[in-house]
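In: Next one to model:
(one chain, ligands or ions: 1)
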Amino acid sequence: TSAHRPSTAATRTTCGYCGVGCALDVVTSDGEVTAVLPARDGPVNRGHACVKGRFAHGYLTSPERLTRPLLRRDGRLEPVGWDEALGYVARGLREAVDTGGPDAVAAISSARATNEENYLVQKFLRVVIGTNNVDNCSRLCHSPSAAGLTASFGLSGGTDSLDDVERSDCLLVVGANPVEAHPVVGARLLRRVLRGAKLVVADPRAVGLALHADVHLRPRPGTNVALFHGLAHVLLTEGLVDEEFLRERATGLPELAELLLDYPPDRVADITGVPAADLVAAARLYGRAERPAIVYGLGVTEHLHGTDGVRSLANLAILRGAVGTDCGHGVNPLRGQNNVQGASDMGALPDLLPGYGKVTDPAARGRAEAVWGVPIPERPGLRIPDMFAAARAGELRALWVIGEDVCATDPDSNQVAAALDACPLVVCNELFLSETARHAGVVLPVASWLEKDGTFVNFDRRFQRVRPAVPAPGEARSDFDVVRALAGVMGVDLGCATPADALAECGHVAPVFAGLSHDRLDREAAVPWPCPDPGRPGEAKLYGERFATPDGRAHLTAAPYLPPGEQPDYDYPLLLVTGRRWAHYNSGSMTRRGGNLALDPVDFLDLHPDDATRYGVRNGAQLTVESRHGRARLVARVSEQTVPGEVFCSFHFPSSGVNRLTSDHADTVTSCPEYKVTAVRVTSR
Ligand code: SF4
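Out: Sure, this is the predicted structure:
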């Protein structure tokens with residue numbers, strides 16, 4: 001007998017974890033993934049990848065993968081066929097509309113869905129149901145970036161590419177830990193610093209890049225706006241501004257200059273805890289550089305005044321003339337998740353259509369209506385927190401959650417669970433029986449990023465292809481198939497027979513994507529938007545001639561500093577900041593099922609040695625952490641990465657209950673939760 005020759009193949013796809021968008025070659029043997037190799041010609045990663053993209057694929061063959069639809073009967077989720085499951089959902093949606101109108105239905109889409117899936121989800125809500133009640137997980141992370149960057153510059157994306165940023169001679173990295181959360185970007189930034197670029201890090205924690213910083217600013221959580229105003233004050237008073245740029249291309253200087261009188265370094269030091277001399281040194285490095293760049297993360301956005309933070313940070317680039325010019329590399333958000341940029345680009349938002357046309361704008365609605373053939377409601381829909389509030393109030397009667405474990409990742413999760421339990425129909429598209437799925441009436445098994453076809457948009461606006469390396473297990477289907485099939489059961493043909501068709505149709509609704517297609521991406525690997533023309537490259541660097549605001553100018557903002565939603569007090573003396581760690585991704589549902597669990601096996605609460613002494617905590621002790629909202633169990637890690645009075649943990653281990661601690665305080669403009677500031681106390685027991 002001849003020996004079995006395994007059938008091997010390699011599939012080029014885009015990583016489904018963080019927003020860097022590494023190109024990966026997935027090697028399979030007899031239909032199983034045997035290796036994931038970083039692509040040497042990957043447009044962003046250039047032969048590099050991190051521990052998540054390379055090794056976190058064990059979840060594919062986990063015995064816990066959902067392989068059949070589940071329907072709740074007599075309180076238990078039981079396996080059923082697709083016809084029965086979709087029929088049940090279709091009847092439930094019709095009943096919800098009959099009882100409460102179209103706005104009694106809502107959907108939460110996510111970065112786990114491809115662009116084409118997000119496009120189809122929002123089309124389903126708008127065309128089949130007749131509501132704008134669709135939102136996505138960017139609500140919880142970078143919605144302040146969308147609002148802030150649009151207000152300052154005109155478009156909802158970073159201003160420059162990573163390649164541009166890498167040409168900078170001074171990096172200002174704010175509220176981000178790219179060494180752990182975006183390791184390939186972290187490596188590229190570090191390489192730039194080791195080759196001579198100056199580095200200013202602004203972060204309360206001694207995150208990886210801070211070890212290499214020329215100046216490390218450690219503001220108290222929740223004081224960013226004051227910090228940015230302090231930097232702007234120094235730029236202005238020391239003449240480190242581009243007066244011609246301000247005259248020709250910006251507005252709002254008189255109002256900002258007046259506001260900044262209240263933010264001299266000494267006062268900012270009182271508010272933020274950052275020594276005045278460090279603030280001045282940082283401003284001089286940024287202000288005197290030839291091509292400074294700003295890179296920032298969720299430490300800027302996830303605050304009560306997150307949008308003010310983004311806009312006040314953008315002020316620095318405008319004052320310095322370092323955006324839309326050759327004199328700098330702009331303002332660049334590090335998007336946390338693989339496709340959180342794309343989910344919003346595709347219009348999975350309650351107020352915006354694909355390409356960011358407002359639902360209140362008749363011209364934008366008209367473009368979509370011409371393609372979809374139905375009228376689109378003018379009234380903006382509900383944001384995610386408002387969906388939960390409406391469910392608790394009995395007004396939302398059906399909620400479809402697609403790829404988000406909202407019970408684990410959204411703040412004040414006891415209240416989220418209460419909302420799901422109050423909603424008559426909860427449908428969940430999932431890989432595993434997540435915390436959210438346990439509250440659902442119907443759970444639909446779906447394909448993961450290694451099992452489906454489409455595109456993602458990474459943090460610097462590049463579209464890249466996603467290709468299936470292995471088939472989805474059992475009866476699991478792509479979200480794309482599920483949405484189309486459900487629409488069919490409800491008697492509506494959504495069109496878009498394939499993901500390629502969906503992207504092509506999206507280009508008719510949103511001219512900024514009209515130059516994109518699967519064929520083109522197969523040839524060119526990565527194309528940034530805006531890209532209105534198939535014969536021209538997309539715009540990697542924005543605003544070379546004019547800003548995309550109505551008057552074509554960059555807008556300075558004069559927002560005063562306002563304190564965060566919570567402050568430490570006698571009962572809750574510590575401030576908790578949550579964030580990411582290197583081996584895991586979000587709720588950890590994929591990364592905890594495989595070898596990465598051994599790299600980072602439990603969730604730690606990092607606390608400073610002084611606090612460990614003060615509260616009698618030993619390294620490795622089991623802790624009870626309490627806030628005004630709930631309680632969590634974490635393992636103590638005594639670390640000088642934090643400062644006294646501040647503690648840190650991740651949100652990768654939902655069983656520890658971290659998001660039972662976090663509050664419902666949220667950005668006043670976008671409703672993005674204030675994950676970065678929660679007052680807590682710890683006890684060893
Ligand atoms: Fe690249 Fe991010 Fe994936 Fe790591 S998680 S391989 S940095 S895209």
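
In: OK, contacts around Phe648?
Out: 205, 576-579, 605-606, 641-642 (CB atoms under 8 Å, 6 or more residues apart in numbering). C-beta: built from backbone N, CA, C; applies to glycine.

In: Okay, helices next: where are they in the stretch 201-350 of the chain?
Out: Along the stretch 201-350 of the chain, counting by DSSP state H, counting those that start in this stretch, helices occupy 224-237, 243-249, 253-260, 265-272, 276-288, 298-301, 306-320, 340-345.

In: can you tell me which residues contact whichever residue of the stretch 51-200 of the chain sits closest to the ligand?
Out: Nearest to the ligand, among the residues of the stretch 51-200 of the chain, is Gly53, at 2.3 Å (CB to the nearest ligand atom). Counting by CB under 8 Å, 6+ apart, Gly53 touches 15, 17, 22, 24, 36, 38.

In: Would you mind giving the secondary structure of it?
Out: helix (DSSP: H, G, I helix; E, B strand; the rest coil).

In: got a pLDDT number for it?
Out: pLDDT, Gly53: 93.

In: what's the answer for Asp278, then?
Out: 98.

In: likewise the one 3 residues further on?
Out: Per-residue confidence (pLDDT) for Ala281: 98.

In: just checking, it touches Ala213?
Out: No - with contact defined as CB atoms under 8 Å, Ala281 does not reach Ala213; the gap is 10.8 Å.

In: Counting neighbours around each, name which of the two comes out higher.
Out: Ranked by neighbour count (other CB atoms under 10 Å), Ala281 and Ala213 place Ala213 first, with 21 against 16.

In: For that one, give its distance to Leu171.
Out: Using CB to CB, to the nearest Å, we find Ala213 at a distance of 9 Å from Leu171.

In: what's the overlap in contacts for the two?
Out: 199-200.

In: Ignoring the adjacent residues along the chain, who's closest to Val44?
Out: Spatially, and ignoring its direct neighbours in sequence, Val44 is nearest to Gly21 (5.1 Å; CB to CB, 6 or more residues apart in numbering).

In: Include neighbour count and distance to the ligand when you put the contacts of Phe648 into JSON lines, please.
Out: Shown next, in JSON lines, are the contacts of Phe648 (neighbours: other CB atoms under 10 Å; distance: CB to the nearest ligand atom, whole Å):
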{"residue": "Arg205", "neighbour count": "23", "distance to the ligand": "20"}
{"residue": "Leu576", "neighbour count": "28", "distance to the ligand": "25"}
{"residue": "Val577", "neighbour count": "23", "distance to the ligand": "21"}
{"residue": "Thr578", "neighbour count": "22", "distance to the ligand": "19"}
{"residue": "Gly579", "neighbour count": "24", "distance to the ligand": "15"}
{"residue": "Leu605", "neighbour count": "27", "distance to the ligand": "24"}
{"residue": "Asp606", "neighbour count": "19", "distance to the ligand": "22"}
{"residue": "Gln641", "neighbour count": "17", "distance to the ligand": "21"}
{"residue": "Thr642", "neighbour count": "24", "distance to the ligand": "24"}
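
In: What parts of the stretch 1-150 of the chain come near the ligand?
Out: Proximity of the stretch 1-150 of the chain to the ligand (CB under 6 Å from any ligand atom) is limited to residues 15, 17-18, 20-22, 45, 49-50, 52-53.

In: Nearest residue to Val416 in space, please, no chain neighbours.
Out: Once flanking residues are discounted, Val416 sits nearest to Asp410: 4.9 Å by CB to CB, 6+ apart.

In: Please apply the same query to Asn224.
Out: For Asn224, the spatially nearest residue (CB to CB, 6+ apart) is Gly309, at 4.4 Å.

In: near the ligand, which residues of this structure?
Out: When proximity is defined as CB under 6 Å from any ligand atom, the chain approaches the ligand at 15, 17-18, 20-22, 45, 49-50, 52-53, 182-184.

In: which residues touch the residue nearest to Asn224?
Out: Contacts of Gly309 by CB under 8 Å, 6+ apart are 144, 148, 224-225, 228, 300-301, 303.

In: ok, so of these, who is nearest Leu634?
Out: Nearest to Leu634 among these, counting by CB to CB, is His303 at 22.6 Å.

In: count of residues packed around the closest one?
Out: If you count neighbours by other CB under 10 Å, His303 ends up with 32.

In: for Gly87, same thing?
Out: By other CB under 10 Å, the residues close to Gly87 number 15.

In: Do you have the helices of the stretch 501-650 of the chain handy? List them.
Out: Under the criterion DSSP H, counting those that start in this stretch, the stretch 501-650 of the chain carries helices at the ranges 518-524, 596-599, 609-614.

In: now those helices as a markdown table including distance to Leu235 and mean pLDDT?
Out: Output for the helices of the stretch 501-650 of the chain, formatted as a markdown table (distance: least, CB to CB, whole Å; pLDDT from 0 to 100):
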| stretch | distance to Leu235 | mean pLDDT |
| --- | --- | --- |
| helix 518-524 | 39 | 97 |
| helix 596-599 | 42 | 82 |
| helix 609-614 | 35 | 96 |
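
In: Dump these to CSV, plus mean neighbour count.
Out: Formatted as CSV, these follow (neighbours: other CB atoms under 10 Å):
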stretch, mean neighbour count
helix 518-524, 15
helix 596-599, 16
helix 609-614, 16
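
In: Is it possible to get CSV of the ones you listed that adds distance to Pro219?
Out: Below are those laid out as CSV (distance: least, CB to CB, whole Å):
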stretch, distance to Pro219
helix 518-524, 41
helix 596-599, 30
helix 609-614, 18
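
In: Any buried residues in stretch 482-489, and which?
Out: Residues 482-487, 489 are the ones in stretch 482-489 that count as buried (16 or more other CB atoms under 10 Å).

In: how many other residues sit next to the nearest residue in space to Leu597 that is not next to it in sequence?
Out: Leaving out its chain neighbours, the residue that sits closest to Leu597 by CB to CB, 6+ apart is Thr591, at 7.5 Å. The number of residues packed near Thr591 is 26, by other CB under 10 Å.

In: what's the answer for Asp501, then?
Out: Other residues lying near Asp501 total 13 when counted by other CB under 10 Å.

In: For it, which residues are in contact?
Out: Asp501 makes contacts with Gly495, as judged by CB under 8 Å, 6+ apart.

In: roughly how far apart are it and the ligand?
Out: Using CB to the nearest ligand atom, to the nearest Å, Asp501 is found at 27 Å from the ligand.

In: what pLDDT does that residue get?
Out: pLDDT, Asp501: 98.
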